[in-house]
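Novice: any chance you can model this:
(chains A and B)
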Number of protein chains: 2
Amino acid sequence: MKKTFLTIVAVVTVFILLISLRTQATSQTPTLWGLYENNLKTAKYVDLTHAFNPTIPVWSGFKKAKFRPTVAGTDIPNYIQTGQEYTYKAHGFIATGYELPTDQYGTQLDPPAHWNDYGATISDLPATYAVRPLVVIDIHEKVAVDSGYHATVGDILAWEKKYGRIPKGAVVMIRSDWYKKWSNVERFNQKPFPGITLDALKFLHQQRNILFHGHEPLDTDTTPTLEGEAWLLRNHYTQAEGVANLDRVPETGALVTIGFAKPEGGTGGFARYIAICPSNWSHGVSVIEAPGAPLPKQRYQLQRDTNGVLKPTQS
Amino acid sequence: MKKTFLTIVAVVTVFILLISLRTQATSQTPTLWGLYENNLKTAKYVDLTHAFNPTIPVWSGFKKAKFRPTVAGTDIPNYIQTGQEYTYKAHGFIATGYELPTDQYGTQLDPPAHWNDYGATISDLPATYAVRPLVVIDIHEKVAVDSGYHATVGDILAWEKKYGRIPKGAVVMIRSDWYKKWSNVERFNQKPFPGITLDALKFLHQQRNILFHGHEPLDTDTTPTLEGEAWLLRNHYTQAEGVANLDRVPETGALVTIGFAKPEGGTGGFARYIAICPSNWSHGVSVIEAPGAPLPKQRYQLQRDTNGVLKPTQS
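Specialist: Presented below is the predicted three-dimensional model:
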C-alpha cells in the first residue's frame, strides 16, 4: 500500500509540474511582433476615410480646396525655371500643390483648439492617439425613418446590454449610413441630418471615459449653436467627423488606427482611420491579401482632371 | 490493489482533463480587444513625426508652406462677411488655411505616383497600411564619423545576425540621428547627408519583402539621379522620408502605425508615424500615462505667430 501511495504522489507531482510548465509557457506575455504575426497579419482592414478633393461636401461658410501641379520654386540651371511645372517626362517626377482654405475638410480629427483658445492643437495630441478599441453604435435604421435622428444615451445603453461595458479609452463611432450620401454634395450638409445628443456625448466622456466619438456627417448635431461640438472642444475633448464605411465593420471587437497630417498648431485634422477587424470578418482585406508592396500598376496613365486631381485616364 | 489502481487512473484522468481545459483556455487566439487591454494599453508610444510649419527644411526646388487663419467663403447674414476671419470671440471657433505648394513636405509617405505615371497614388494605398513590425537599423555612429555614409547590405545583415531575419511586410527605418539637425534648416538638406544604397533597398524589397523603408533626411541618397528613390517608386514601392526620434525606439520588437492625409490622387503624404514599443521600454508614454481625454489646457492663450502658426503665447 505504501508503494502504491508513493506512486500516486509521484504521478500527481509530475502532472503538477507539467501543468505549471505549460501554464508558464502559454501565459507569458506575447511580444508585439508575436501579436502582429498571430493576430494583426490575418486581421481584416477597412478604411473609414473619404479621400478628399476639390468637389467634396464642405460647410457653406468655408471655401473648397484647390489641387494643382507643383511648380518650381526657384530657377535650377539646365533643369527648370521658376514657376514651371515638374513633369514625369522632363524631370522624372511630379508633385502636387494644395490650397486648403480650411482644415475642416473631409474626414477629420477636431482638436480642442478649433473652438477653444486654451485648447490643444493637432500637433499637441499625444502619441497614444495611435490605436484603440473601436465601438460602433448603429442608429442607421432609426435614421432611415427620421433623417434628423440623434443618438441617445438609450442607444448607448442598448449597445452595452448586448456587448458589455464600453472599454475606457475606446473610440466610439456612430453608424448612421449617412456617409453613403457623400457624393450627393447638396444633400449631405442639409438639415435634417443625423447627430448625437449632448447627453449622449456627456455620458460617453464622463461615465465611460472614451478617447473620442466619431460621426459620418460634418457636424456633431443640428442644434443652432452646435452645442455638442462646443461642449466637447471647450472641455478639451476631440472628435472625428466625416467618417465612412461604418456599415462594413463589427459593432464590437475591432480596433482602429488614428492617423492625420501634423501641421504645427493645426485646428483640424486631415485624418485617416483604419478599422482592424477579426480575421473571420466578412469585409476588408488582410495583409496576406493586400501586402502593399509592390503596389498594383495603374490600368491607364495618370493625368490631372479639370480639378487638378491625378487619375488613371484612358487617352 | 485493484481499488488503488482505479484511484490512480481516476486521479490521472482528472489531471489530464484539467491540463486540456487549461491549455484550451490559454492557447485560444486572444481577441483584438484582449490584445489592446493586455499589451497595447501598457505599451510605450513614441511619435516619429516632425510637426510641419512654414519654416521647416524643404528641397530648394520647392516653395514653403503658408499658414493663415480661415476666412468666410461666403456672406452669412448677421454673422460674417465673405473674406472676414473667423474668431473665437465673434464666432466661437477658428479654423486654419494652408497653402501647400508641394506634398514633398515634412514627414512624408511617398507613393509610386510621385515618380511613376502608372504608379499608385496616396489614396490608392490599401487599408493594410495601418500597423506593421518596425525594424530600426542603426548607422548613427558611422554617420557621426562620415556625414555622407549610406546604409549597406552589410548593415542589414549585421542587424539580422543580432536579431534574426527581418519579418516580411515590416517597415524598416534607418536611424542616422540626422533628424536632430531639423531646426538647422540650411544644413539639413546640404550634402553630405546620410542615405541608403540602392543595393540595400533592393535587398530589403527583393530578398526580405518589406512594406517600405524610411529615413531621416528628405532624400533617399545623395546620388545626382536620386537612384534609390527612382528605383523604388518606378518599381511600385513606397518610402518614408523626414522621420524623427528613431534614437528613442528599440531596434527590434516595436510596431509602427502608419497615418497620413488622404487627398485623392495625391503624390506625397503628410504622414504621421507612431512607434508602439514594449511596455518596459525606457522612452515614450503609455495610454495610462497619456490617456488623451481630456487633453491638458494650454498654459497661455493661443495666438498666431508671424508665420500664421497658432501657439500658446504669453501676452
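Novice: per-residue pLDDT, the residue of chain A found nearest chain B?
Specialist: Closest approach between chain A and chain B, counting by CB to the nearest CB: A:Gly259, at 1.5 Å. To be clear about C-beta, it is placed using only N, CA and C from the backbone, and glycine gets the same treatment. At A:Gly259, the pLDDT value in this model is 98.
Novice: same question, A:Pro30
Specialist: Among the per-residue scores, A:Pro30 holds a pLDDT of 79.
Novice: now swap in the one 4 residues further on and tell me
Specialist: Per-residue confidence at A:Gly34 stands at 96 (pLDDT).
Novice: counting contacts, what elements does the helix or strand hosting it pack onto?
Specialist: Using DSSP states H and E, A:Gly34 maps to helix A:32-35. When contacts are defined as 3 or more CB pairs under 8 Å, 6 or more residues apart in numbering or on different chains; DSSP states H and E, helix A:32-35 sits against strand B:254-260.
Novice: the strand it packs on near chain A at all?
Specialist: Yes - using CB under 8 Å from any CB of the partner chain, strand B:254-260 reaches chain A at B:254-255, B:257-260.
Novice: OK, contacts around the residue of chain A closest to chain B?
Specialist: Neighbour list for A:Gly259: A:271-274, B:257-260, B:271-272 [criterion: CB atoms under 8 Å, 6 or more residues apart in numbering or on different chains].
Novice: farthest-apart pair in the residues you listed, please.
Specialist: Based on CB to CB, the longest span within the contacts of A:Gly259 runs between A:Tyr273 and B:Ala271 and measures 14.8 Å.
Novice: can you list phi and psi of A:Val172 for me?
Specialist: phi -110, psi 110 (degrees, to the nearest 10).
Novice: tell me where the model's unsure across the stretch 1-150 of chain A.
Specialist: Applying pLDDT under 70 to the stretch 1-150 of chain A flags the ranges A:1-3, A:5-29.
Novice: quick one, helices of it?
Specialist: Per DSSP state H, counting those that start in this stretch, the stretch 1-150 of chain A carries helices over the ranges A:2-27, A:32-35, A:88-91, A:140-145.
Novice: neighbour-wise, which of the residues of strand B:254-260 next to chain A leads?
Specialist: Highest neighbour count within these, by other CB atoms under 10 Å in any protein chain shown: B:Gly259, with 31 neighbours.
Novice: and the gap between that one and A:Glu85?
Specialist: B:Gly259 is 29 Å from A:Glu85, where distance means CB to CB, to the nearest Å.
Novice: same question, A:Asp103
Specialist: Per CB to CB, A:Asp103 is found 26 Å from A:Glu85.
Novice: still on that earlier bit, for the residue of chain A closest to chain B, which non-adjacent residue is closest in space?
Specialist: B:Gly259 (1.5 Å; CB to CB, 6 or more residues apart in numbering or on different chains).
Novice: ditto for A:Thr252
Specialist: Leaving aside its sequence neighbours, A:Thr252 sits nearest to A:Tyr163 (CB to CB, 6+ apart; 4.2 Å).
Novice: now do that neighbour: how many residues are near it, please.
Specialist: Neighbours of A:Tyr163 under the rule other CB under 10 Å: 14.
Novice: now swap in A:Gly61 and tell me
Specialist: 20.
Novice: ok, it touching B:Pro77?
Specialist: No - the criterion here is CB atoms under 8 Å, and A:Gly61 misses it with B:Pro77 at 11.8 Å.
Novice: strands of chain A, start to end?
Specialist: Counting by DSSP state E, chain A has strands at residues A:44-47, A:66-69, A:96-100, A:108-110, A:131-138, A:150-151, A:171-175, A:195-196, A:212-215, A:238-241, A:254-260, A:271-277, A:302-304, A:310-312.
Novice: between the longest one and strand A:271-277, how big is the angle?
Specialist: Comparing the axes of strand A:131-138 and strand A:271-277 via axes from the mean of the first three to the mean of the last three CA atoms, to 10 degrees yields an angle of 80 degrees.
Novice: any idea how far the residue nearest to A:Thr252 lies from B:Lys191?
Specialist: In terms of CB to CB, A:Tyr163 sits 57 Å off from B:Lys191.
Novice: what of A:Leu109?
Specialist: Separation of A:Leu109 from B:Lys191 (CB to CB) stands at 37 Å.
Novice: now A:Pro57
Specialist: To B:Lys191, A:Pro57 is 46 Å away according to CB to CB.
Novice: the two: which is more packed in?
Specialist: The neighbour comparison of A:Pro57 against B:Lys191 (other CB under 10 Å) goes to A:Pro57, with 22 against 10.
Novice: picking that back up, just the closest of the contacts of A:Gly259 to B:Thr222, please.
Specialist: Nearest member of the contacts of A:Gly259 to B:Thr222, counting by CB to CB, is B:Ala271, at 22.4 Å.
Novice: what's near enough to touch the closest one?
Specialist: Here B:Ala271 is in contact with A:259, A:261, B:49, B:106-109, B:240, B:258-260 (CB under 8 Å, 6+ apart).
Novice: and A:Ile258, bridged to which residues?
Specialist: A:Tyr273 (DSSP bridges).
Novice: wouldn't it be in contact with A:Leu134 here?
Specialist: No - if you go by CB under 8 Å, A:Ile258 and A:Leu134 don't touch, sitting 10.2 Å apart.
Novice: find residues that contact each of those two.
Specialist: Common contact partners of A:Ile258 and A:Leu134 (CB under 8 Å, 6+ apart): A:Val171.
Novice: what is the burial count for A:Glu289?
Specialist: 12.
Novice: now do A:Arg165
Specialist: Counted with other CB under 10 Å, the neighbours of A:Arg165 add up to 9.
Novice: distance of it from B:Asp177?
Specialist: Computed as CB to CB, the A:Arg165 to B:Asp177 distance reads 45 Å.
Novice: again with A:Asn184
Specialist: On the measure of CB to CB, A:Asn184 and B:Asp177 end up 51 Å apart.
Novice: who has more neighbours out of these two?
Specialist: Taking other CB under 10 Å, A:Asn184 and B:Asp177 do not tie; B:Asp177 has more neighbours (16 against 10).
Novice: for the residue most central in space within chain A, give me its contacts.
Specialist: Central residue of chain A (CA atoms, centre = their mean): A:Tyr273, 1.8 Å from the mean position. Counting by CB under 8 Å, 6+ apart, A:Tyr273 makes contact with A:47-49, A:107, A:214, A:240, A:243, A:256-259.
Novice: so how far is A:Lys180 from it?
Specialist: 17 Å.
Novice: ok, A:Ala158 next?
Specialist: In this structure, A:Ala158 and A:Lys180 are 23 Å apart, going by CB to CB.
Novice: one more: A:Leu157?
Specialist: For A:Leu157, the distance to A:Lys180 equals 27 Å [CB to CB].
Novice: could you do A:Ala144 as well?
Specialist: Per CB to CB, A:Ala144 is found 11 Å from A:Lys180.
Novice: list the contacts for A:Thr96?
Specialist: Taking CB under 8 Å, 6+ apart as the test, what A:Thr96 contacts is A:67-70, A:308, A:310, B:102-103, B:263, B:265-268.
Novice: A:Trp159 contacts A:Glu251, doesn't it?
Specialist: Yes - between A:Trp159 and A:Glu251 a contact is recorded at 6.9 Å, counting by CB under 8 Å.
Novice: of those two, who's got more company?
Specialist: Legend: neighbour count by other CB under 10 Å for A:Trp159 and A:Glu251, higher for A:Trp159 (20 against 16).
Novice: list the contacts for A:Leu295?
Specialist: B:111-112, B:119-120, B:124-125, B:236-238.
Novice: drop anything exposed from those residues.
Specialist: By neighbour count, with 16 or more other CB atoms under 10 Å in any protein chain shown, the contacts of A:Leu295 hold B:111-112, B:119-120, B:124-125, B:236-238 as buried.
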